[in-house]
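K.L.:
generate a structure from the sequence data that follows.
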Amino acid sequence: MGEDQARLIDSLLAAVRAAPTDTTLRTHLAQLLVAQGRNEEAISHIAVVLQQEPGSESARALMVQAMGAPVAPAPEFDWQRAERELDLPVPTEFAEGAPAHEVARSTVRLADVGGMEQVKQRLEAAFLGPMRNPELRRMYGKSLRGGLLLYGPPGCGKTFLAKAVAGELGAGFLTVSLADVLDMWIGRSERNLREVFQLARRSAPCVLFLDEIDALGRKRTQLANSGMRNTVNQLLSEMDGADAENEGVFVLAATNHPWDVDPALRRPGRLDRTALVLPPDLPARVAIVRYHLRDRPIAGIDVTGIARRTEGYSGADLAHLCETAAERALLDSVRSGQPRMIDMPDLEAALRQVRPSLRPWFDTARNVALYANEGGQYDELVAYMKKHRLL
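P.N.:
Sure, this is the predicted structure:
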């Protein structure tokens, strides 16, 4: 720490002693202390600020930072707002900092995914087994054409599984959603989609992950906009058209609403295989709770006991459960002025507050499973719902 910074902090300490109710001065002092790694000193000053101003968002954020929790990144520039203020469209290529597609490398492996053995077996049969045994693949005529559709209720790990497949293959990982493709200019959405597939082909072996495929590849009979129908047509062409050369490109897609995906996308050569990703089982819930508590100060937590009491919770629900428990401990630390560990009473209180969020999805799925299960494509879902008395 430089001498100037040290003198400034000493001056602010003296000023705070002279004016102990000046929250602005005390907050500034706490910011400097956090920047210098003197978090315990900073926490004591922030606690005083929050006692006087309990609703101060800046003080709460500073307390989270001082206690070592991650701070949300600053929001990106709002180009839509700029367009409205200028009353002019800003083309994507002229928007400084516009997001570009990047092929990443996944470090996740299937071993990192707790439970979900049936899904892992389906992924092994569809992609991983044939890739690891090229001679046997050729002997049995196993094709790597087509893709796999991961479907199921929201927040249950479909994206995490896609990253695990990329990690197992040692392949690049490129994720795409409707927001990455859709453009207001005629023909631009199709061009964007074509460029995504071209990037995946150049980066082969590559897992191309189409997130929320029900939005990107929605049933054309449900689309009133001709531009969106053209985008679906382009997607069909890129996946299995005459000019599509997708050797080394492994297409995975995810959706919460498979019944809204255009049937043409589920024909052979496209998303012709499916895997149902259900709410996490007990081993998966144990792994998820441990994951979300791993970097937090905890004491006396019965993770298995918590997991047993959260059947039917999604992975996102469990993350929210841990966040709620951490927030309770944080606010208690603020009130007392002394940081403390997250303990079982915090998790117990969070369990009373956070309830499973998947019932509406299963209510919708029930009608589809009962009345639109053409060809038995939702038999696995029907079996799960019967077992858990959701039908």
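K.L.:
list the residues that contact the spatially most central residue of the chain.
P.N.:
Compute the mean C-alpha point of the chain, and by Cα atoms, centre = their mean the closest residue is Thr159, 6.7 Å away. By Cβ atoms under 8 Å, 6 or more residues apart in numbering, the contact list for Thr159 reads 175, 209, 211, 254. All C-beta spots, glycine's among them, are computed from the backbone N, C-alpha and C.
K.L.:
mind checking how far it is from Glu135?
P.N.:
Here Thr159 is placed at a distance of 32 Å from Glu135 (Cβ to Cβ, to the nearest Å).
K.L.:
can you confirm Phe250 is in a strand?
P.N.:
Yes. Under DSSP: H, G, I helix; E, B strand; the rest coil, Phe250 falls within a strand.
K.L.:
in the sheet, who's paired with it?
P.N.:
With DSSP bridges as the criterion, Phe250 is bridged to Val207.
K.L.:
I'd like the numbering to begin with 51 instead of 1 from here.
P.N.:
Happy to do that; since the first residue is 51 now, the last one works out to Phe300.
K.L.:
next, work out how far apart it and Gly222 are.
P.N.:
Distance from Phe300 to Gly222, by Cβ to Cβ: 10 Å.
K.L.:
same question for Arg390.
P.N.:
For Arg390 relative to Gly222 (Cβ to Cβ), the value is 44 Å.
K.L.:
before we move on, what about Met394?
P.N.:
Separation of Met394 from Gly222 (Cβ to Cβ): 43 Å.
K.L.:
quick one, which of the two is more surrounded?
P.N.:
Set Met394 next to Gly222 and count neighbours by other Cβ atoms under 10 Å: Gly222 wins out with 22 against 15.
K.L.:
domain assignment for this protein?
P.N.:
The chain breaks down by automatic domain parsing into domains covering 53-116, 129-326, 332-403.
K.L.:
was I right to think Val384 contacts His95?
P.N.:
No. Val384 is not in contact with His95 according to Cβ atoms under 8 Å; the separation is 11.8 Å.
K.L.:
please identify which of the two sits among more neighbours.
P.N.:
Applying other Cβ under 10 Å to Val384 and His95 shows that His95 carries more neighbours, namely 25 against 21.
K.L.:
between Phe300 and Gly222, which contacts overlap?
P.N.:
Counting by Cβ under 8 Å, 6+ apart, the residues touching both Phe300 and Gly222 are 255-257.
K.L.:
just the buried ones from the residues you listed?
P.N.:
For the shared contacts of Phe300 and Gly222, a neighbour count by 16 or more other Cβ atoms under 10 Å gives the buried set as 256-257.
K.L.:
what mean pLDDT does the longest helix along the chain get?
P.N.:
Identified as the longest helix of the chain according to DSSP state H is helix 365-386. Averaging pLDDT along helix 365-386 gives 94.
K.L.:
which residues does the helix or strand just after that helix contact?
P.N.:
Where DSSP states H and E defines the elements, the next helix or strand beyond helix 365-386 is helix 394-403. Contacts with helix 394-403, where a contact means Cβ under 8 Å, 6+ apart, come from 350-352, 356, 359-360, 371-372, 374-376, 378-379.
K.L.:
beyond helix 394-403, next helix or strand please.
P.N.:
Heading C-terminal from helix 394-403 (DSSP H and E), you reach helix 409-421.
K.L.:
report the buried residues of that following helix.
P.N.:
411-412, 415, 418-419.
K.L.:
stretch 172-188 too?
P.N.:
Neighbour-count burial for stretch 172-188 [16+ other Cβ under 10 Å]: 172-174, 176-178, 180-181.
K.L.:
how close does the residue nearest to the centre of the chain sit to Ser383?
P.N.:
Thr209 sits 33 Å away from Ser383, going by Cβ to Cβ.
K.L.:
mind giving me TSV with the buried residues of helix 409-421 and columns for distance to Gly267 and pLDDT?
P.N.:
Shown next, in TSV, are the buried residues of helix 409-421 (distance: Cβ to Cβ, whole Å; pLDDT from 0 to 100):
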residue	distance to Gly267	pLDDT
Trp411	20	94
Phe412	23	93
Ala415	19	92
Val418	17	88
Ala419	21	83
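K.L.:
many thanks, have a good one.
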